[in-house]
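**Student:** Below are the sequence and a predicted model for it; my questions follow.
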Amino acid sequence: MFTRRNALLTSALAAGTLATPLHALAQSGKKDSLTLAMTLEPTGLDPTAGAASSIAEITLYNIYETLTKINADGSVAPLLAESWEISPDLKTYTFRLRKGVKFHNGEPCNAEAVKFSFDRAGGEKSTNKDKRTFANLVTQVVDEHTVVLLNKEIDPDLPFLLGQATAIIVEPKTADSNASKPVGTGPYTLGAWNRGSSVTLAAWPGWRNAGPIRIRRATFRFIPDPAAQVAALLAGDVDMFARVTPRSLAQFKGNPRYQVVLSGSRAKTILAINNAKAPLQDLRVRQAIAAAVDRKAVIQGAADGLGVPIGSHYVPGALGYVDTTGINPYDPEKAKRLLAEAGIKTPLSLTMTLPPAPYARQGGEVIAAQLAKVGITLKLQNVEWAQWLSGTFGGKNYDLTMISHVEPFDLANFTKPDYYWGYRSEKFNQLYSHIQNAARPADRARLLGDAQRLLAEDCVHAFLYQPQWVTVAHKDLRGLWKDMPIFVNDLSALSWA
């Protein structure tokens, strides 16, 4: 837990991240461009306005910057803030900003811009997915390069949260158009967006430390189909694919042209249940669904075995983790009894909405077969990512959906009455408030364990697994993250050998 942070800025961002396709490498010695691939295309480029992690994969630390920066090992370093201090009561943060920083449009990035950004993120009209965090903050401008954050709660994770995409510092005059015309302080600007195909970023010569940037151009291609992902890598059309389909592992692991990185994560892959819809608001029905699911078989089918079973919305390695997989274990006979106790006449027909990510499409097939054995018939509804965001996440129009929540600290979502899964529990709300005001790490860990158990006992979802992510890249690309505490492609950290 942070008790005081006064981190001096000791170095600039590392060299840029772009690389040419394999065939281009043979023809050019410059190596100043890079083609990356992603499974999902974002619907916009403003991470303060949308919940999709794909926005941050393109924009965070590239177009936009934050006060702090999250490293691959989960540690926090200075970025737009050169240093910060935390008061003894852990509620007051004083940030000293880097001087001379400008936005892409030439406007200064100063304390007023920080206040505008955080006030906007926590304001009444905010659609920021971390709105609760910013609504608890009061931002005070001390001078042009000093801001004080007064937090209503004790949150030792705040420096980490301020390095996430929801905490980007935006330029007040252009903030409302960031979804299509992003303006930030980062080393790259938007070059082109060919919707349905790719986004291209270009190095910004006006960046404060543009000299070390080696990559002048980066193109993000969108390839949801697993077979097409593998084909693009094998053809040399893509230099790097973070979180590629795990079924690619065998084809690339022994190939000397590539490097393969298996990354740990804080993600939670779940079978999300709409708690607000009949008959899913009945605890016994949710418990029956969970009891019908064999987590190990799902991990094998959805992720080729690259995952660890979880029993709640929390993962091994996080502070206060407890193993809750025994609360709702795989037990098909119990599932049948629970459905009978709930008065459900089988077959019970439900719809399972699946986004285009391979783990969801593949895992959905496995889960449908498992639930059929206990009398639950699933209609699998495949939707595009934009449809999932608008209809499932936004409109709450679903029964079940398989999705991976990748944010490290997202238990607060269970306190949101209007969140897409419709869970409402005053007991959990009170427990989460205690967590946020626990100053001692031991107390916080104990309360986090209680929260995990409560979510499992309420069987909010069928909690499935903590995924491992597979990154495949050209063998000469340097700076790949070993672990992925957040979803980001930090172009400034990459370079060619």
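**Tutor:** Noted; the coordinates are in hand.

**Student:** count of residues packed around D143?
**Tutor:** A count of nearby residues for D143, using other CB atoms under 10 Å, gives 10. In short, each C-beta sits where N, CA and C put it, glycine included.

**Student:** Quick check, it in contact with A111.
**Tutor:** Yes: between D143 and A111 there is a contact under CB atoms under 8 Å: 6.7 Å.

**Student:** and the gap between the spatially most central residue of the chain and A291?
**Tutor:** With distances taken as CA atoms, centre = their mean, the residue of the chain nearest its centroid is V406 (3.7 Å). Look at V406 and A291: by CB to CB, to the nearest Å, they are 26 Å apart.

**Student:** Model confidence for the nearest residue to the residue nearest to the centre of the chain once chain neighbours are set aside, exactly?
**Tutor:** Leaving aside its chain neighbours, V406 sits nearest to A267 (4.3 Å; criterion: CB to CB, 6 or more residues apart in numbering). A267 is assigned 95 on the pLDDT scale.

**Student:** Equivalent analysis for L13, please.
**Tutor:** You'll see L13 listed with a pLDDT of 32.

**Student:** what's the neighbour count on T346?
**Tutor:** Using other CB under 10 Å, T346 is surrounded by 12 other residues.

**Student:** Now it: closest residue in space, sequence neighbours ignored.
**Tutor:** Closest to T346 by CB to CB, 6+ apart is G375, at 3.0 Å.

**Student:** Just give the number of residues close to the residue nearest to G311 when sequence neighbours are not counted.
**Tutor:** Leaving aside its chain neighbours, G311 sits nearest to T324 (3.3 Å; criterion: CB to CB, 6+ apart). Neighbours of T324 under the rule other CB under 10 Å: 20.

**Student:** So T324 is in contact with H313, correct?
**Tutor:** No: if you go by CB under 8 Å, T324 and H313 don't touch, sitting 9.7 Å apart.

**Student:** what residues do those two have in common as contacts?
**Tutor:** Taking CB atoms under 8 Å, 6 or more residues apart in numbering as the contact rule, T324 and H313 both touch 452, 463.

**Student:** Low-confidence regions, the stretch 151-300 of the chain specifically.
**Tutor:** For the stretch 151-300 of the chain, applying pLDDT under 70 flags no range at all.

**Student:** Now do the helices in it.
**Tutor:** Counting by DSSP state H, counting those that start in this stretch, the stretch 151-300 of the chain has these helices, from start to end: 158-161, 226-235, 249-253, 283-291, 295-303.

**Student:** Show me where the stretch 301-450 of the chain has its strands.
**Tutor:** Assigned by DSSP state E, counting those that start in this stretch, the stretch 301-450 of the chain shows strands spanning 307-309, 348-354, 376-382, 400-405.

**Student:** Highest mean neighbour count out of the ones you listed?
**Tutor:** Using mean count of other CB atoms under 10 Å, the stretch among the strands of the stretch 301-450 of the chain with the greatest mean number of neighbours is strand 400-405 (a mean of 24).
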